[in-house]
Every structure is written in C-alpha cells, then in structure tokens.
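> need a structure here:
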Amino acid sequence: MKIITDIEEMKEFSRNLKKSSKKISFVPTMGKLHLGHIKLIESAKKYGETAVSIFVNPLQFGQGEDFNDYPRDFENDEKILSDLAVPVLFYPKSDIVSGTETFLINPEYSEKLEGLFRPSHFKGVLTIVMKLFGIIEPDFAFFGLKDYQQYVLVKKMAEDFFLNVKIIPVETVREKCGLAMSSRNTYFDEDGKKAACAFYKVLSAAAGLFNAGESSAEKLNGFVIKELIRNGFKVDYAEITDADLKNRKQTALNGDILLAAVRFKGVRLLDNIFLLKK
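Down below sits the predicted model:
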C-alpha cells in the first residue's frame, strides 16, 4: 500500500490511474477504523481502485468539541488498510485546511437536525469533502448511512456542482446489540457500551409501532424521547422527515426516516431508522 501525504503527489497518483482507464473509488475517513469503515472499503473495491483518506478535520469540530481527544490510531489503521489490500492511503498534512478562506454551505439542509446543535459542522464537512474530491477526483465516493444528514448533504453538493462523482450510500454496521459502529464508541467502557445499546432498541421499537399502525409523528417522536430519557440518555432531537430531509412530518408515511441524536455518559451518538411497512 502506498501512503501519500503530499497533495500534488496524490493528484498525480489519481491522474495516472485515470490515464490507465481505471475508475477510482474513494472512502474518506477520520481514522480509528472499525467494521463500518471496512464495509465501506469492501463496497468501494467492487467499483474501482480504492483510495482511502485519513484526516481528522478541524473544520467540522465546534468550540468545546472533542477534536483534540478524537480517537487516533494510525499504526493500527495502516495495518487494517494493508490487510485489505487498499492501493493507496491519502494521509494529508494539516495544510490541507490551514488558511482556508472559502467555505461551502447549504442553509436548507444544514440548519436543521444536526445543524441546530452543531452550527458550523456541515460547513466544515462539505468544505473538506470538496477539497478531497478536488485532489483525488474519484468516480465513486462511499458514505455510511449512520450519518444520514451528512450523506444527503454530500450527495446534494455533488449534484449542485455537477461533480463527476457518484455518491454511494452504505448501510450502517452495528454491534450485535444494535449499537451503530462509531469511532467514538471507544470512549465507553464495557458497561457503558452495553447500556448505550438501548439507543437503537428504542428506535426499532418506534419503527415497530409505525408498522403496527401508528402514524402520528408527534406520538412516535414522543415515545422515542420518553424511552430514551428513561434509559438515561439526554436527547438532542428525535424527528421524522421524508427520506430527502426536506419536510418534517406530522403524519409518518412508509419510507420516511426517524433520526435522533443523544448524549450518553459524555458521548454524543447519532442513529436513524427507516419507517417501513412489512
């Protein structure tokens, strides 16, 4: 596996792949790789030569968030990627963002849900993803659905700017108990992680109520909030919208999505579940 830290070298590597008529699949990460990342990479390898990036992006962390403490383990990440036979790892230096004066924003999609609690987060996400797309010029890019709002925003950005990259969603990978895989799960001890499993169980129970005939978004959201609080979670939001995140729902319909964010034992967790009639 080739490890590249220089922007121009990464550009040249990508250009050479394209000259040989190879498609480029891209998986952007912040490292501390887990099974969710591995699924993204395995999906990417089906589409083309796979490039993975590791960069803990300071632009997407707000004041008081965990940028300095965010879990990092480059040595283990390198081993994982090598074992997966990833051709190239882009491990850029901090100058990829230092001095940035131009930022991307999407007010319609960013100023709701996560955006209400992390006002500058998606500006940082879209800006770094656009930078990475400009360097690597991928044909395909892969994003996990745990961060569903991020996926929607990146997909919309690619469409709005006519980028020659197809954004491909990948299903959330979960622990046996249902907890969505996340690098931040390493903050938990075993007891905390076990207790955090209640998050997805509550969302699944709400989806079960919908499947049984409950369509009031107020009642479904209320059930989620009440049950999460009962299980020790502090709820930032629980909201049902259409799959495009355009409209907050009063009446839930088949194919809508329930999204939630909570804080538990000092860790912020995101998750979601589609409401589907069986």
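> quick one: the helices in this protein, in order.
7-19, 35-45, 74-83, 107-110, 114-117, 121-136, 148-160, 190-196, 198-211, 217-230 (DSSP state H).
> out of the ones you listed, which is closest to residue 269?
Of all these, the one in closest proximity to residue 269, counting by Cβ to Cβ, is helix 198-211 (5.8 Å). (Each C-beta comes from the backbone N, C-alpha and C, glycine too.)
> show me how far that closest one is from its chain's centre.
Here the centre of helix 198-211 is set off from its chain's centre by 21 Å, with Cα atoms, centre = their mean, to the nearest Å.
> for residue 63, find the nearest of the helices of the chain.
With Cβ to Cβ, the closest approach to residue 63 among the helices of the chain belongs to helix 121-136: 11.5 Å.
> looking at the chain, which helix or strand does the model trust least?
Lowest by mean pLDDT, DSSP states H and E among the helices and strands of the chain is helix 107-110, with a mean of 90.
> residues of it that come out buried?
Buried residues in helix 107-110, counted by 16 or more other Cβ atoms under 10 Å: 109, 110.
> now stretch 197-209
198, 199, 200, 202, 203, 206, 207, 209.
> which among those residues gets closest to residue 83?
Nearest member of the buried residues of stretch 197-209 to residue 83, counting by Cβ to Cβ, is residue 200, at 28.5 Å.
> ok, that closest one - contacts?
Neighbouring residues of residue 200 by Cβ atoms under 8 Å, 6 or more residues apart in numbering: 174, 177, 178, 179, 180, 271, 273.
> what pLDDT does the residue nearest to it when sequence neighbours are not counted get?
Computed as Cβ to Cβ, 6 or more residues apart in numbering, the closest residue to residue 200 that is not its neighbour in sequence is residue 178, at 3.7 Å. On the pLDDT scale, residue 178 is placed at 96.
> need the contact list for residue 178.
197, 199, 200, 201, 204 are the contacts of residue 178 under Cβ under 8 Å, 6+ apart.
> which residues does the fourth one contact?
With contact taken as Cβ under 8 Å, 6+ apart, residue 201 is in contact with 177, 178.
> state the pLDDT value of the closest residue to residue 168 other than its chain neighbours.
Spatial nearest neighbour of residue 168, chain neighbours left out: residue 142 (5.2 Å); criterion: Cβ to Cβ, 6+ apart. If you check residue 142, the pLDDT there is 98.
> do the same with the one 5 residues further on
Reading off the per-residue confidence, residue 147 sits at a pLDDT of 97.
> distance of it relative to residue 40?
12 Å (Cβ to Cβ, to the nearest Å).
> picking up where we left off before, so who does the residue nearest to residue 168 touch?
If you count contacts by Cβ under 8 Å, 6+ apart, residue 142 has them with 25, 26, 27, 40, 41, 43, 44, 168, 169, 170.
> how many residues are close by the fourth one?
Yep, that's residue 40 we're talking about. 25 (other Cβ atoms under 10 Å).
> about what we covered before: just give me the closest of the contacts of residue 142 to residue 104.
The closest of the contacts of residue 142, once distances to residue 104 are taken by Cβ to Cβ, is residue 26, at 17.5 Å.
> good, we can wrap up now.
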